[in-house]
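Asker: task: produce atomic coordinates for the following.
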Amino acid sequence: MADRKGWRILLAVVVAAIAVLGLAGGNESSGSAPKSLPDNAEAARVQQLLPEFPGGDTAAAVLIVTRADGAELTVADRAQAEAALARMRGGATGSGIVEAPDHRAVLGQVPVSSELNGFALTDRVDELRAAARDGASPGLRLQVTGGPAFGADIANSFSGANALLLSVTALVVMVLLIGTYRSPVLWLLPLTVVGLADRVAAAMGTFLAQATGLTFDGSTSGITSVLVFGAGTNYALLLVSRYRDELHRTADHRAALRIAVRRAGPAVLASNLTVVLALLTLLLGLLPNTRALGAFGAVGLLVAMVFVLTALPPALALCGRKVFWPFIPRDDGRDTTRSGAWHAVAEKVVRRPVVVAAVSLIALAACACALPFAHIGLAQSEQFRVRAESIDGLDTLSAHFSSGSSDPAIVLARTDAAAAVTAVLEQTPGVVRATPAGVSGNGLTRWSVVLDAPPASDAAFAAVERLRTGLAAEPGAQALVGGSDAAALDTRDAARRDQLLIIPLILAVVLVVLLVLLRAVPAALLLVGVTVLSALAALGIGSLVSAHLFGFPALDTNVPLFAFLFLVALGVDYTIFLVTRAREETPGHGVTDGIVRAVASTGGVITSAGIVLAAVFAVLGVLPLITLTQLGIVVGIGILLDTFVVRTVVIPALFALIGRRIWWPGRWVLESAAQPEAERVRTR
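Answerer: Just a heads-up that it's a prediction; the model follows:
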């Protein structure tokens, strides 16, 4: 009867998964570039008003033409550039090319619909590039850059990204599971369950995008898959590890499995809800891609937990003990809490808790001290880990024209204040030229403003801020400053606001969950504090590795918030695994011996889970965006710190140092008072 019940549960899960996948279909938005501009930002308001102007529903792709040998362009070269521009425009003529002051380059602009995004934008820019080079002389170098080309290259970086990311992630998880279980069979069960959960989570993300209008871009999709695979595999490792321990004490494998689910299930549920609640705080962010990651990540982790707790146990029950072949656990009564390498490590730690805790905490604090010196904020030309034509073209353009020529700022103001606005624009430092670019039907005038600064650089941001300050002094103008530089500035400012709001909320959520779970104030405060210190240390080390080992110019704006979220929430995962076991062991063995037994019994699974999760986040490096690579670096480092330093060394030392007061005001205080005299002496 038990076998039939297991088959029924598995069949129900598979049927439900197939139904969700069938109803969801494909997700066309996953190939789009991340949407990060807040809807209420000044640059966003400019975008909303642009369609009211002639040609306002288009953006300019820029053709930049130079000679491959760097020499001055000849008359024939300029004629070829004119012909290339005409081909890009579909044979249409109009304003022609503009020659650089050094006569070594020319540029021209082609309108591209602003409604195009994702792979549709990539296709359009590919057509323009092909048309430009069709019949051009080999001695000429023709590059297409500008805002649309940059957006196309961003979207193109996710071409095939889902398949590549899933393949590499599955391969990494498979190798690590085989190494962990040392079984050619067992790894198939958790990998299949988690892989199916990932596909269902992606389908649920499609439903969520359709219902809420959130952007499910390639970056969000990739991070969500990493979360599902990483966290889902961790849940499976915890459950299987506890199941294997119980098999040493129970003859009936189904009874052992029931005990394992009953003991490990609450820890899985608590750790999952901690991360889910932390992710949901992102919904309060200003950045659309931040809100999207919060929603999709939360749904993905809930799906992973449901699959692990509902599909994996019946699959294990149907396979029996032999699934662990060739190392099949026997009913031999072996106590995993009193032996092994992790027991030896924990024993050494609690013998000298003051020294161990002091050295570890000082080392973590020293690593965290590197963070204030990290440069945060990547310019537009610094987004790619590999070279892209839009970036190369931007470099070429900057060498011969004003840096802002490829993507001018946009100023909108009341037409009756045009003279005053023009005067402000011409007097603002950093402005090369300001050209009227049309009048709308509702009394607004548009200016195209070329800045003497690389796009999305600190100099460009300073110029935009000067423009906004100067124009604000003309209240009747009701002026707005937009364009790519203004959008990047507004995104940076919103990201800083999100960090100030969301990081404290994440900490509050984690603290409340630990208080509810542990019912011990000192333990909850200590664990949150240590986890935060570990996260800051990881950000400090990660910033140094990013700058000095990988040569990245800065941390991306989103990296500190996302990395802090994952490190704190996922770090608490391992804390919950360890401390719930310590709470279970404390009544019969005392605080110090209880934490030693907890480390001995969970050290192996926490280590395996940490390595798996760090490796899965490192897989983000297969994508060419520096943001995701940096996120993988920082989170990977932080998880390894959590695994090998915080959970193994710092927490046991602090528990031994504080003693039974760690569980105040719970019943553990009284129950721990009965600890052996030898332990009381050891904890002094």
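Asker: and Ile259, what does it touch?
Answerer: Ile259 makes contact with 246, 250 under the criterion CB atoms under 8 Å, 6 or more residues apart in numbering. Yep, even glycine has a C-beta here, placed from its N, CA and C like the rest.
Asker: at 6 Å instead, please
Answerer: Ile259 is in contact with Glu246, counting by CB atoms under 6 Å, 6 or more residues apart in numbering.
Asker: just the pLDDT for Thr336.
Answerer: Predicted confidence (pLDDT) for Thr336: 62.
Asker: quick check: the gap between the residue of the chain most remote from its centre and Leu500.
Answerer: Here the chain reaches farthest from its C-alpha mean at Val75, the gap being 50.1 Å by CA atoms, centre = their mean. Look at Val75 and Leu500: by CB to CB, to the nearest Å, they are 58 Å apart.
Asker: one more: Asp493?
Answerer: Counting by CB to CB, the gap from Asp493 to Leu500 is 11 Å.
Asker: which one's more surrounded, those two?
Answerer: Asp493 (16 against 9; other CB atoms under 10 Å).
Asker: distance of that one relative to Leu49?
Answerer: Asp493 sits 20 Å away from Leu49, taking CB to CB as the criterion.
Asker: can you check Leu107 too?
Answerer: From Leu107 across to Leu49, the span is 27 Å (CB to CB).
Asker: those two - which one has more neighbours?
Answerer: Leu107 (25 against 18).
Asker: just confirm the more buried one is within a strand.
Answerer: Yes. Checked against DSSP: H, G, I helix; E, B strand; the rest coil, Leu107 lies within a strand.
Asker: A strand includes Arg141, no?
Answerer: Yes. Assessed with three-state DSSP, Arg141 lies in a strand.
Asker: quick one, grab the pLDDT at it.
Answerer: For Arg141, the pLDDT comes out at 94.
Asker: can you map out the strands along the stretch 101-250 of the chain?
Answerer: 105-113, 140-145 (DSSP state E, counting those that start in this stretch).
Asker: so which of these comes closest to Ile658?
Answerer: Nearest of the strands of the stretch 101-250 of the chain to Ile658, taken as CB to CB: strand 140-145 at 59.8 Å.
Asker: can you check what angle separates the closest one from strand 105-113?
Answerer: Between strand 140-145 and strand 105-113, the angle comes out at 40 degrees (axes from the mean of the first three to the mean of the last three CA atoms, to 10 degrees).
Asker: other SSEs contacting strand 140-145?
Answerer: If you count contacts as 3 or more CB pairs under 6 Å, 6 or more residues apart in numbering; DSSP states H and E, strand 140-145 packs onto strand 58-67, helix 118-133, helix 389-400.
Asker: quick one: low-confidence residue ranges for the stretch 401-550 of the chain.
Answerer: 403, 406 (pLDDT under 70).
Asker: so what's the gap between stretch 438-454 and the chain middle?
Answerer: Distance of stretch 438-454 from the chain centroid (CA atoms, centre = their mean, to the nearest Å) equals 35 Å.
Asker: quick one: end-to-end distance for it.
Answerer: Taking CA to CA, to the nearest Å, stretch 438-454 runs 25 Å from one end to the other.
Asker: identify all contacting residues around stretch 168-184.
Answerer: By CB under 6 Å, 6+ apart, the list of residues contacting stretch 168-184 from outside reads 187, 191, 229, 233, 324, 327, 608, 612, 615-616, 619, 622.
Asker: disregarding residues adjacent in the polypeptide, which is nearest to Glu389?
Answerer: Gln143 (5.7 Å; CB to CB, 6 or more residues apart in numbering).
Asker: for that neighbour, what are its contacts?
Answerer: 64, 389, 393, 396.
Asker: for Leu451, list the residues it contacts.
Answerer: 404, 409, 430, 460, 463.
Asker: circling back to that earlier point, can I get the helices and strands packed on strand 140-145 in a markdown table including mean pLDDT, distance to Asn289 and mean neighbour count?
Answerer: Supplementary listing: those in a markdown table, determined by pLDDT from 0 to 100; distance: least, CB to CB, whole Å; neighbours: other CB atoms under 10 Å:
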| stretch | mean pLDDT | distance to Asn289 | mean neighbour count |
| --- | --- | --- | --- |
| strand 58-67 | 90 | 20 | 24 |
| helix 118-133 | 89 | 14 | 19 |
| helix 389-400 | 87 | 20 | 20 |
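Asker: nearest to Val275, of these?
Answerer: For Val275, the closest of the helices and strands packed on strand 140-145 is helix 118-133, at 28.8 Å, according to CB to CB.
Asker: for the closest one, packing partners?
Answerer: Short answer (3+ CB pairs under 6 Å, 6+ apart): helix 118-133 packs on helix 75-88, strand 140-145, helix 147-156.
Asker: out of those, which is closest to Ile376?
Answerer: That would be helix 147-156 among these, by CB to CB, at 19.8 Å.
Asker: please save the CA atoms from the closest one in PDB.
Answerer: Extracted in PDB, the C-alpha atoms of helix 147-156 (Å, rounded to 0.1, in the frame of the first residue of the first chain):
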ATOM      1  CA  GLY A 147      21.500  53.500 -27.600                       C
ATOM      2  CA  PRO A 148      19.600  50.900 -29.800                       C
ATOM      3  CA  ALA A 149      22.900  49.100 -30.600                       C
ATOM      4  CA  PHE A 150      23.800  48.900 -27.000                       C
ATOM      5  CA  GLY A 151      20.400  47.600 -26.000                       C
ATOM      6  CA  ALA A 152      20.600  45.000 -28.800                       C
ATOM      7  CA  ASP A 153      24.100  43.800 -27.700                       C
ATOM      8  CA  ILE A 154      22.800  43.500 -24.100                       C
ATOM      9  CA  ALA A 155      19.800  41.400 -25.300                       C
ATOM     10  CA  ASN A 156      22.100  39.400 -27.600                       C
END
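Asker: show the average pLDDT along it.
Answerer: Helix 147-156 comes out at a mean pLDDT of 82.
Asker: quick check: the spatially closest residue to Ala68 that is not a sequence neighbour vs Met305, distance?
Answerer: Spatial nearest neighbour of Ala68, chain neighbours left out: Arg141 (5.1 Å); criterion: CB to CB, 6+ apart. Using CB to CB, we find Arg141 at a distance of 53 Å from Met305.
Asker: and if you look at Phe207?
Answerer: Separation of Phe207 from Met305 (CB to CB): 18 Å.
Asker: so for those two, which sits in the more crowded spot?
Answerer: Met305 (23 against 14).
Asker: element containing that one?
Answerer: Assigned by DSSP states H and E, Met305 belongs to helix 288-310.
Asker: endpoints of stretch 274-292, how far apart?
Answerer: End-to-end distance of stretch 274-292: 18 Å, with CA to CA as the criterion.
Asker: before we move on, back to that, please flag which of the contacts of stretch 168-184 sit within helices.
Answerer: 191, 229, 233, 608, 612, 615-616 (DSSP state H).
Asker: among the helices and strands packed on strand 140-145, which is nearest Leu425?
Answerer: Comparison of these against Leu425 by CB to CB identifies strand 58-67 as nearest, at 19.2 Å.
Asker: helices and strands around the closest one, which ones?
Answerer: Strand 58-67 packs on strand 105-113, strand 140-145, helix 147-156, helix 389-400, going by 3+ CB pairs under 6 Å, 6+ apart.
Asker: let's go with 8 Å and repeat that
Answerer: Packing partners of strand 58-67 (3 or more CB pairs under 8 Å, 6 or more residues apart in numbering; DSSP states H and E): helix 75-88, strand 105-113, helix 118-133, strand 140-145, helix 147-156, helix 389-400.
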